[in-house]
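K.L.:
Here is my input, please return the structure:
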Amino acid sequence: MDQTGLSPLSFVMPPDGRQSETARAIQRGALRYLAARGLVGVPEFVLASGRRADIAALDGRGEVWVVEIKSSVVDFRTDRKWTDYRMHCDRLFFAVGPDFPVDILPPDAGVMIADQFGAGVVREAPHHPMPGATRRAVTLRLARTAAGRLMGLMDPDGMRGIEL
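P.N.:
The predicted structure follows:
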């Protein structure tokens with residue numbers, strides 16, 4: 001408990017509602033993996049391009065990772081928006097379930113195998129550093145999104161009119 005009398009675990013984000021059970025399990029495992037590596041992740045993060053990354057994460061040095069969740073082969077083959085994510089991150093990963101055929105994933109992205117309990121990296125993502133101005137913009141957007149979501153959990157009415 002902190003000085004407000006609230007436990008840090010008092011706030012729980014409600015499910016987004018757009019993901020399947022499989023995608024939610026992969027998301028949970030990927031977020032746990034990121035946390036174990038010292039990264040903090042923001043699910044359903046809207047990039048400056050208007051695209052929505054499944055997870056955007058930030059490490060202590062300011063490196064940004066984007067994790068694209070693929071819950072099935074059909075999901076992978078029909079959704080090609082992930083190619084736009086490279087300009088908004090330093091590393092791009094796919095997170096997939098244990099039965100996903102990883103050999104169909106592009107070789108120039110990292111691969112995580114995840115379930116609801118955790119994840120493991122089976123292929124590291126290449127490092128392709130963002131330009132400084134892009135890094136600043138993405139980091140600021142991540143900070144505002146995360147802080148806005150926390151504020152919204154604490155006081156939903158207080159967030160009216162705030163654009164994230």
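
K.L.:
Could you use CA atoms for every contact and neighbour count after this?
P.N.:
OK.

K.L.:
Give me the helices and strands touching the lengthiest helix in the chain, please.
P.N.:
Counting by DSSP state H, the longest helix found in the chain is helix 132-154. For helix 132-154, the packing partners by 3 or more CA pairs under 8 Å, 6 or more residues apart in numbering; DSSP states H and E come out as strand 40-46.

K.L.:
Who are the packing partners of the strand it packs on?
P.N.:
helix 21-36, strand 52-58, helix 132-154.

K.L.:
what pairs with the second one, and is each one parallel or antiparallel?
P.N.:
So the one you mean is strand 52-58. Its sheet considered, strand 52-58 pairs with strand 40-46 (antiparallel), strand 64-70 (antiparallel) by DSSP bridges.

K.L.:
how about these, which one is nearest residue 109?
P.N.:
Among those, the nearest to residue 109 by CA to CA is strand 64-70 (9.8 Å).

K.L.:
Stretch 81-95: end-to-end distance?
P.N.:
Stretch 81-95 has an end-to-end distance of 15 Å (CA to CA, to the nearest Å).

K.L.:
which of the strands paired with strand 52-58 sits most buried?
P.N.:
With neighbours defined as mean count of other CA atoms under 10 Å, these peak in mean count at strand 64-70, which reaches a mean of 26.

K.L.:
List the buried residues for the next helix or strand after that one?
P.N.:
Following strand 64-70 in sequence order, the next helix or strand is helix 73-78 (DSSP states H and E). Within helix 73-78, the residues scored as buried using 16 or more other CA atoms under 10 Å are residue 76.

K.L.:
partner strands of the helix or strand following helix 73-78, parallel or antiparallel?
P.N.:
Downstream of helix 73-78, the first helix or strand assigned by DSSP H and E is strand 91-96. Using DSSP bridges, the strands paired with strand 91-96 in its sheet are strand 64-70 (parallel), strand 110-115 (parallel).

K.L.:
looking at those, which is closest to residue 22?
P.N.:
Comparing those by CA to CA, strand 110-115 comes nearest, at 8.1 Å.

K.L.:
The strands paired with strand 52-58 into CSV, with extra columns for distance to residue 89?
P.N.:
Listed next are the strands paired with strand 52-58 as CSV, based on distance: least, CA to CA, whole Å:
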stretch, distance to residue 89
strand 40-46, 12
strand 64-70, 5
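
K.L.:
now for the ones you listed, which one comes closest to residue 30?
P.N.:
Closest to residue 30 of these is strand 64-70 (CA to CA; 8.1 Å).
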